[in-house]
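Engineer: Could you work out the structure for the sequence below:
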Amino acid sequence: MRDPTKYGAPPVYDAPMALDEDLSRTHGLAPNIAGARNRGHIWDLRKRILGPMPAEDFVEIFVGPPVSDAHTPLSAHNAFKSVPPTAETPAQIYEPLIVALNKRTKRKTRCLGFVFEDTARRSVHPRRLGYAKPHVTCFAEHNLQAVHRSDPRSRTELGYAELFIQVTADRSRDFFVDPPFDIEDRATHDFLAQSEDPSIQEEMEKALGLHIGFATEILARQHRSFAFSISMAGSRARLLRWDRAGCVVSEAFDIREHPEHLCTFIWKFTQGLNSSRGYDPTMVPADNEQEKQFKAAVREYVKLQLGLEGEALEKALCKHYSPGHVAVVKVFPHPFSASAAKVRIFLISRPVISPLSLVSRGTRGYWAVDVASSRVSFLKDTWRIASSGSVEGELLDHLNRRGVRNIPTVAIHGDVPRHISRGTEPVVHWQHSYTDMCLEAPWICPVGGTAPSVRKVQCYRLVMDTVGYGLSTVQGTEELLHVMYDVFIAMQDALAKDSRIHRDLSLGNVILVKEPGRDMRKGYLIDWEVSDIVDEEGKSTHSGRAGTWPFSSWRMLDWTEEHGRHTILDDMDSLVHVITYCALHYLPHSLSPREIGGMIKEYYEDSVTVPGIPMHGGTSKRLNVVNRRLLKIAEFGSAPLVEWLNDVLDLQRAPGLDLEFGKKFTPGAMDMYWSAFLKTHTLPRDDRVVHKVIREAKYDSIPPSDRTVSLPASSLGKRSSAERDPTEGAPVSKRSASSHLQTERTFSRRSALHGGMSPGPLSTSVRGPRRSERLASRQNCVSGRVLVAAMKPQPRVARLTSKGRREGRSRK
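Structural biologist: From the prediction side, this is the model:
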């Protein structure tokens, strides 16, 4: 038997993900728009795929050596002769493959301590993208019981996956193609397969998007710095390594002819340290006493912030706590010190932000409890650009020393080590990406006609003493205008005391904190990582758009400003957009749910892509300064809010349609007006109205032969309530299927892989989607459900009734 104590700190498996605003479902993984989501994954990764790397080099460089030589693997000779070269169905490939991988004798095996299982069969709707699970998944033997007793409607398999194998039956359907052996210039060969047959091309793109989607979800459901997978096309295999910088893909090899490549990879993978399989050694599962400590501390803080009791308090607690899923996290100081006196330990459970894109900053945000003091803090776990100079924690400390008000205070921050060698002078090996290290390799080929572009990222943690709730909890006009004035004070202070502008005023970068002695919550401006110093003209040092598209100023969204430089006026304009957005969602007005959705799309998400011209937008925002169309149509019920918006737009307006702000629109004039307004007006305090929003969305079609799979009785056992995620186990009903919303990213069939149509505004940044973008997509959750409908009549679709009859219905 494999002794798990020899392989490093125990990994944290099946980590919870963030919930939607109504706390009913995992955020960002709506099954009915998986097709659009997977096409988005392809677009995000289009410049981050590196290959084809020689298979021997891949195994040698990326997979650590076995911890011990005490065990000997089975011979690789004829290991996979039972796997056919090609087949009619994927199962005809992966079923004999599973048998071969799990083969063992009395003394030898191919994967000591691990088991490969068919997980595709555990999907309740195997032909629907949103419910698909990997064909084959590798699990540690000690996790099998948890997997087998999990509800098949959950995604537990990806929470325990060590690696996965995805199969295409036809070897000609490989979505990558290796260059000829004798090619002189690899820059002339496209690594991405292309077919003249549109149906085959669509099939390959769907397979690639699904593969990326599985890797993305594994990295979101586990605390990892990287993960592995295997792609099979017939009997030809490729090894893939995924991290936050991108993906490295091996050359294809036939496992029938060269079984040693796969056998060596599997043996080294399963017999190495846990950290060599990608797990974060600075996180371990909490014990029962630590879980009790976390729950008690967070419950008290939720009670303080929201003033809740009883059942409402317990429901609100679910946003931050998942029973049986509490982890212990070490945070090392910056500059680094391994001294036990300087390392601080925190407890975390469910994040309020989960990473939904592979090549992003991978940010998770937690309410964290200090083990030593039981104080609640906010822990941000992210992947920073390694070459970005100063880190966010240093910047916040600097701004606090300068006296900038209404920004978070830092408890501790620092990069995350992967391994610390012991000795008189410890040597630190950091958790950072490795994809970028292959960028200059001689085997690199273009992908989709584009040379790869990868940046090194490094894992970083920031713990702040300032903890609160987002703007989605705002209680009325009074609180909205007061907390946003607090934010404006932070903007002014940063400019006056440090010549700095934020550049990312957005919905997710404002938090509301209830503090002792204050009747109203206080607003804080967070996420200063893209802020910039301004020059004597008040323009940012660095050019180009930064921040979040929906809340960017109309000036910076103009096509002439793609490489423009931000000013404080752009941040002030963004602030107005945030206030208007909140008013559309949470304050009284006359718009219908469909009209709200139309306004959000027109004013916040609109973008235009014309060949030869940079992507641009903001036209409706700009015109609203002149014609006040949004205000006239919305007919906001709060008269003071309408007065404030009209007066601020008057300040902002320039003569004619000049692409500049009015001369009266200055920080000083804005402050003078706003402060006087708050003193002289009685504002509605409790006029919060949570509006239903109907958004245009793109749904996956339901395959005509789809059916609900009957699973073995042994696989239907449910976990205890302490282990079960509150989002799991719910019937896949009409209501639950429509209760999840994500902003649509539209692509032409082939553009995601081969250029063409822009992915839209929500993925314009190399840094990946910002937190506020993800938060913006969930503001439409109301009273436990979201109404989502199309702007045009939808085709009739088939559904399965409880009696198994297929009926037609129209979406209305």
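
Engineer: buried set for the helix or strand containing Gly213?
Structural biologist: Using DSSP states H and E, Gly213 sits within helix 198-221. Neighbour-count burial for helix 198-221 flags 201, 203-221 (criterion: 16 or more other Cβ atoms under 10 Å). Using the backbone N, CA and C atoms, a C-beta is placed for each residue, glycine as well.

Engineer: Toward the C-terminus, what is the element adjacent to it?
Structural biologist: strand 226-233.

Engineer: what's the angle from the helix holding Gly213 to strand 226-233?
Structural biologist: Using axes from the mean of the first three to the mean of the last three Cα atoms, to 10 degrees, one finds that helix 198-221 and strand 226-233 are set 160 degrees apart in direction.

Engineer: pLDDT of helix 198-221, averaged?
Structural biologist: Averaging pLDDT along helix 198-221 gives 96.

Engineer: what do you get for stretch 268-277?
Structural biologist: 93.

Engineer: Which residues does it contact?
Structural biologist: Contacts of stretch 268-277 with the rest of the structure, by Cβ atoms under 8 Å, 6 or more residues apart in numbering, involve 7-11, 59, 63-68, 71, 111-114, 138, 162-163, 228, 281, 418-419.

Engineer: if we go to 7 Å?
Structural biologist: 7-9, 11, 59, 63-67, 111-114, 162-163, 228, 281, 418-419 (Cβ atoms under 7 Å, 6 or more residues apart in numbering).

Engineer: Tell me which helix or strand in this protein has the weakest average pLDDT.
Structural biologist: Averaged element by element with mean pLDDT, DSSP states H and E, the chain has its least confident helix or strand at strand 797-800 (a mean of 32).

Engineer: So what pairs up with Tyr366 in the strands?
Structural biologist: Leu379 (DSSP bridges).

Engineer: Just give the number of residues close to it.
Structural biologist: If you count neighbours by other Cβ atoms under 10 Å, Tyr366 ends up with 25.

Engineer: how close does it get to Met17?
Structural biologist: 12 Å (Cβ to Cβ, to the nearest Å).

Engineer: who touches both of the two?
Structural biologist: Shared contacts of Tyr366 and Met17, defined by Cβ under 7 Å, 6+ apart, are found at Pro351.

Engineer: wait, Ala583 sits on Gly637?
Structural biologist: No - contact criterion Cβ atoms under 7 Å: Ala583 and Gly637 do not qualify, at 9.6 Å.

Engineer: Of the two, which one has the most company?
Structural biologist: A direct count of neighbours by other Cβ under 10 Å for Ala583 and Gly637 places Ala583 higher, at 23 against 16.

Engineer: name the helices or strands packed onto the helix or strand where that one lies?
Structural biologist: Counting by DSSP H and E, the element that carries Ala583 is helix 568-586. Using 3 or more Cβ pairs under 7 Å, 6 or more residues apart in numbering; DSSP states H and E as the contact test, the elements touching helix 568-586 are helix 477-498, helix 554-557, helix 593-600, helix 639-652.

Engineer: how about those, which one is nearest Pro90?
Structural biologist: Evaluated with Cβ to Cβ, the helices and strands packed on helix 568-586 place helix 593-600 nearest to Pro90, the distance being 38.9 Å.

Engineer: how far out from the middle of the chain is that closest one?
Structural biologist: 25 Å (Cα atoms, centre = their mean, to the nearest Å).

Engineer: same deal with stretch 453-468?
Structural biologist: Worked out by Cα atoms, centre = their mean, stretch 453-468 lies 14 Å from the chain centre.

Engineer: which stretches of the stretch 251-400 of the chain form helices?
Structural biologist: 259-271, 288-306, 310-317, 392-401 (DSSP state H, counting those that start in this stretch).

Engineer: the inter-axis angle of the first one versus strand 226-233?
Structural biologist: It stands for helix 259-271. Going by the same axes, to 10 degrees, helix 259-271 makes 150 degrees with strand 226-233.

Engineer: With the shortest one instead?
Structural biologist: Angle of helix 310-317 versus strand 226-233, following the same axes, to 10 degrees, is 70 degrees.

Engineer: helices or strands next to helix 310-317 in the packing?
Structural biologist: By 3+ Cβ pairs under 7 Å, 6+ apart, helix 310-317 packs against helix 288-306.

Engineer: For the helix it packs on, give the mean pLDDT please.
Structural biologist: 97.

Engineer: Got phi/psi on Arg173?
Structural biologist: Backbone geometry at Arg173, expressed as degrees, to the nearest 10, gives phi -100, psi 10.

Engineer: Isn't it up against Ala233?
Structural biologist: Yes - contact criterion Cβ under 7 Å: Arg173 and Ala233 qualify, at 5.7 Å.
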